[in-house]
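**Q** no sequence on this one, just coordinates:
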């Protein structure tokens, strides 16, 4: 890597992180955050913008499963991701908040994800391309972001009883009391 490219990448990355930090505190362009609410689901961590990110990524990460064509099942997976993150330590939640802010703020989304469109209008092919770039990136931070999102979404899917028949899993054993 050339020195000039390294310096440019460092400056752009620093600017993106600064913007993400300001945005997550609600001080960037007067923005604020509101927790997502979908029907009976009251989210504990994911904001409306975060919800759009996870909802867009679910079909891309879980391609080939029942989730792809089932909006209700996708919502169940998104909700499970939220419930899992809500149980994480505050330090991990803070890192995830920075990641989601980076992915939702337009300038940093364009730089980090290569997406000009909002996540709510992004198709599965674009999401798959972002995840592929992150998985194969030379930047450890992007590879870590890919790993974290992929593991969260996959775990949320496999924790759902509707995924079990395709795996041949009968569910947890019944406990006999008495």
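**A** Perfect, I can see it now. Fair warning: this is a prediction, and the values are worked out from it, not measured in the lab. Residues are numbered from 1 along each chain as shown.

**Q** Quick check: buried residues in the longest strand anywhere in the chain?
**A** Longest strand in the chain by number of residues (criterion: DSSP state E): strand 41-47. Neighbour-count burial for strand 41-47, with 16 or more other CB atoms under 10 Å as criterion, is recorded at 41, 43, 45, 46, 47. All C-beta spots, glycine's among them, are computed from the backbone N, C-alpha and C.

**Q** what's the neighbour count on residue 166?
**A** If you count neighbours by other CB atoms under 10 Å, residue 166 ends up with 10.

**Q** Quick check on it: phi, psi?
**A** Torsion angles at residue 166 (phi, psi; degrees, to the nearest 10) stand at phi -70, psi -20.

**Q** quick one, what contacts it?
**A** Residue 166 sits next to 65, 66 when contact means CB atoms under 8 Å, 6 or more residues apart in numbering.

**Q** Check the one 4 residues further on too.
**A** Residues in contact with residue 170, defined by CB under 8 Å, 6+ apart, are residue 164.

**Q** Could you check how far it is from residue 164?
**A** As judged by CB to CB, to the nearest Å, residue 170 and residue 164 stand 7 Å apart.

**Q** And for residue 68?
**A** 17 Å.

**Q** How about residue 111?
**A** 40 Å.

**Q** neighbour-wise, which of these two wins?
**A** residue 111 (17 against 14).

**Q** so after the helix or strand encompassing that one, what's the next helix or strand?
**A** Secondary structure from DSSP states H and E places residue 111 in helix 106-113. Beyond helix 106-113 in the direction of the C-terminus, DSSP H and E gives the next helix or strand as helix 124-135.

**Q** How about residues contacting the helix or strand following that following helix?
**A** The first helix or strand that comes after helix 124-135 along the chain, using DSSP H and E, is helix 140-158. With contact meaning CB under 8 Å, 6+ apart, helix 140-158 is reached by 54, 57-58, 61-62, 65, 67, 77-78, 80-81, 84-85, 96, 99, 112, 131, 133-135, 137, 163, 167.

**Q** Weed out the non-buried ones from those residues.
**A** Neighbour-count burial (16+ other CB under 10 Å) is assigned, among the contacts of helix 140-158, to 54, 57-58, 61-62, 65, 67, 77-78, 80-81, 84-85, 96, 99, 112, 131, 134, 163.
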